[in-house]
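**Student:** this is a predicted model, with the sequence first.
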Number of protein chains: 2
Amino acid sequence: MEDFYLRQAEWLKALAHPVRLCIIQGLMDKGSCNVTDMQECLKLQQSTLSMHLQKLRAAGVITGTRVGLEVNYRLKDPQAARLLELLQQEHKAQEVIE
Amino acid sequence: MEDFYLRQAEWLKALAHPVRLCIIQGLMDKGSCNVTDMQECLKLQQSTLSMHLQKLRAAGVITGTRVGLEVNYRLKDPQAARLLELLQQEHKAQEVIE
DNA sequence: TCACTATATCATGATACAATGATACATAAT
DNA sequence: ATTATGTATCATTGTATCATGATATAGTGA
């Protein structure tokens, strides 16, 4: 019970970064993506992006499969997609209010 | 668009702590609660708990109303409740798998 | 083998977050 | 006014997270 909150908090922390949210949304939209494409899209330094990917991998949110030189990432954890949908709902609600 | 991920990440960070998840779930279950009761329930030092409450208040997740000496907190952001439900789903799914 | 490309990891400094004890503030009772 | 109770804030210290540049690894082609 106590352990539950600990694990879920860890999971949330793995997602609680603007770049990582953007990566997840991108994978939801595109299905899969390699690192170079993400890099151009997000305009991030290679090592910075790689660190964020590593964090998402460690949390079990995404998986990467190597294809030649490139590594293609895709969403692994369906719960992450549901969270992003939840966040989008909030966004829409706020737009209506404004 | 970029700003969206930034705001949502801030919101997630405010929730991404085991104690704060526990507080939210507690408020969902009990409706409202004062600080002393939470303190006993969670076995936290007063200042530590107060800091977590402050963080949730700042993020707009909860509100407190003073009643005499006590302050009663309750959930303000319905999105937070939805997030907790999402997390509980994950939990059940994992239990079934095991 | 060598050079090249794509990605990962490491070490570091900067910044943010967490827990704690001390102190302050607000309210109530005497 | 004083004292007691409930809650909030502050200062400090330890720990975690972030971005970065440098270096390492994996795969490809000459």
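**Tutor:** Thanks, I have the structure now. Numbering: from 1, shown residues only, chains lettered A, B, ... in the order given.
**Student:** next, work out how far apart the residue nearest the centre of chain A and B:L27 are.
**Tutor:** Centroid-nearest residue in chain A, with Cα atoms, centre = their mean: A:I24, separated by 3.0 Å. Noted for A:I24: a distance of 28 Å to B:L27, by Cβ to Cβ, to the nearest Å. Quick note: C-beta positions are derived from backbone N, CA and C, even for glycine.
**Student:** if we can go back for a sec, what's downstream of the helix or strand containing the residue nearest to the centre of chain A, the next helix or strand?
**Tutor:** Assigned by DSSP states H and E, A:I24 belongs to helix A:18-30. Note on helix A:18-30: by DSSP H and E, the next helix or strand toward the C-terminus is strand A:32-34.
**Student:** quick check: angle from the helix or strand following that next one to helix A:18-30?
**Tutor:** Sequence-wise, the next helix or strand downstream of strand A:32-34 (DSSP H and E) is helix A:35-42. Helix A:35-42 runs at 110 degrees relative to helix A:18-30, counting by axes from the mean of the first three to the mean of the last three Cα atoms, to 10 degrees.
**Student:** next, the angle helix A:35-42 makes with the helix or strand that helix A:35-42 is followed by.
**Tutor:** The helix or strand immediately downstream of helix A:35-42 is helix A:46-58, counting by DSSP H and E. Going by the same axes, to 10 degrees, helix A:46-58 is angled at 110 degrees with respect to helix A:35-42.
**Student:** sounds good, over and out.
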